[in-house]
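Visitor: Got a sequence here, can you build the structure:
(one chain, ligands or ions: 2)
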Amino acid sequence: MILSAKAMAISPSPTLTIDAKAKQLVAEGVDVIGFGAGEPDFDTPGHIKEAAIAAIRAGFTKYTPAQGTPELQKAVCHKLLTDNNLSYSPDQVVISNGAKHSLSNVFAAILNPGDEVLIPSPYWVSYPEIVRLNDGVPVSVPTSAANSFKATAAELEQALNKKTKALVLNSPGNPTGQVYSREELQAIAGFAAAHNLFVVSDEIYEPLIYNGQQHVSIASLGENIKDLTIVVNGLSKTYAMTGWRIGYTASRREIAKVMASVQSHATSNPNSIAQKAAVAALLGPQDCVAEMKAAFARRRDHMVAKVRSIPGLSCIEPAGAFYVFMDVSATFGRSCRGQNITGSDDFAALLLEQAQVAVVPGTGFGAPAYVRLSYALAMEQIEKGLERLSRFIGELN
Ligand code: PMP
Ligand code: GLU
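Guide: Ligands and ions are numbered 1, 2, ... in the order given. Predicted coordinates:
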């Protein structure tokens, strides 16, 4: 039996694979420290859970409109206006099963076969694969550590050709923690507008910025760029709601309409109960977000200092999100108990096997000299994991 060549060419998500492996080892009783998946360790705040329980009790357990409830669409509009100075009407908002699903809808809606999408590299593992699944061609645009891994308009321009249809922006970014300034976004907006490119702006780590910078949505920089931008956001990271699966987009009405049609056949509505919880999250008190952010900031500082103190390892200071992207290339060519480290895949495999520490190799992020460590875990775990990492490096031959 011949299966779909397109689907067979897709590799499984390395972030989710590492996470599943680490969680399985823990279930088997192995004391693994998981710096793998980017998932807040915090519980979903109480008032959000209560809203879900109330929804179940009230029998809010049926289909909703495929693109989400008007109540949640309105709550998203309120959030976009208050936080991002962006005015959308509810019919421009599509609620989906997580931001990953939103991205899938976006590329389904905007791409024709062979259309190219510029993706600054290092990038989050799923962008190229979601583009491919929707018949597009991902084009990696290398960025430099010296510019904190932020793409410039000039770098994007170099990858431009007649087939270029869109570019992906992710600020604050996964895996490097880059945060674009207003001026940098203005330059990119000018480039996108000059070449009539869609901008897919993934803002899922929006509130998690630690260096005093303000999050700016590129869509807020003018009507022209707003028209070209599809804002992607979600509740997984901000409200520790990874399992609830709520993400959303805001875009031009005609794009929203196509995405809603696609979704109406693919999945129907996102979970009705999670939608009620999302309304409570967006409209309720926000001090839970500030508390989580403060904890992430402390963990980031600790992790960056410790990594930099280990000979042979280095990282830039991530301005946002909750990852440290660590350069491990100095270990290539060395060995651990007779096993050679030739790249970040070997590094990550040996670190898990020999030191019971899970990290994600940089290969899937388009950066084979690096591994990614998430700091969305308790400080004691971080300290223990980094001690093991330090010992592992110290014992390399
Ligand atoms: N975008 C980025 C950059 C991410 O890191 C994630 C993490 N899962 C997502 C989108 C998707 O998040 P979710 O599907 O949980 O909303
Ligand atoms: N986005 C998170 C990560 O990069 C969660 C896993 C995933 O969806 O990729 O680890």
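
Visitor: what does stretch 133-144 contact?
Guide: Residues outside stretch 133-144 that contact it (Cβ atoms under 8 Å, 6 or more residues apart in numbering): 6-7, 10, 104, 107-108, 111-123, 127-128, 131-132, 149-152, 155-156, 158-159, 163-165, 366. (C-beta placed from N, C-alpha, C; glycine too.)

Visitor: If the closest residue to residue 344 other than its chain neighbours is in a bridge, with which residues?
Guide: Spatial nearest neighbour of residue 344, chain neighbours left out: residue 361 (4.0 Å); criterion: Cβ to Cβ, 6 or more residues apart in numbering. With DSSP bridges as the criterion, residue 361 is bridged to residue 371.

Visitor: Residue 361 and residue 373 touch, don't they?
Guide: No: using Cβ atoms under 8 Å, residue 361 makes no contact with residue 373, being 11.4 Å away.

Visitor: Next, work out how far apart the closest residue to residue 70 other than its chain neighbours and residue 71 are.
Guide: Excluding the flanking residues, the one nearest residue 70 by Cβ to Cβ, 6+ apart is residue 90, at 5.8 Å. From residue 90 over to residue 71 the distance is 9 Å, taken as Cβ to Cβ, to the nearest Å.

Visitor: just residue 244 next, same as before
Guide: 16 Å.

Visitor: Quick one: residues contacting the residue nearest to residue 344.
Guide: Counting by Cβ under 8 Å, 6+ apart, residue 361 touches 14, 343, 344, 345, 347, 348, 368, 371.

Visitor: of those residues, closest to ligand 1?
Guide: Of all those, ligand 1 sits closest to residue 14, with 12.3 Å by Cβ to the nearest ligand atom.

Visitor: For that closest one, grab the count of nearby residues.
Guide: Applying other Cβ atoms under 10 Å, we find 21 residues neighbouring residue 14.

Visitor: Just to check, it is in contact with residue 366?
Guide: No: Residue 14 is beyond contact range of residue 366, at 11.6 Å (criterion: Cβ under 8 Å).

Visitor: Look up the pLDDT of the closest residue to residue 383 other than its chain neighbours for me, please.
Guide: The shortest distance from residue 383 to any non-neighbouring residue, by Cβ to Cβ, 6+ apart, is to residue 302 (7.4 Å). Looking at residue 302, its pLDDT is 96.

Visitor: What are the neighbouring residues in contact with residue 302?
Guide: 379, 382, 383.

Visitor: Flag every residue of the stretch 101-250 of the chain that's near ligand 2.
Guide: Counting by Cβ under 6 Å from any ligand atom, the stretch 101-250 of the chain comes close to ligand 2 at 124, 125, 126, 174.
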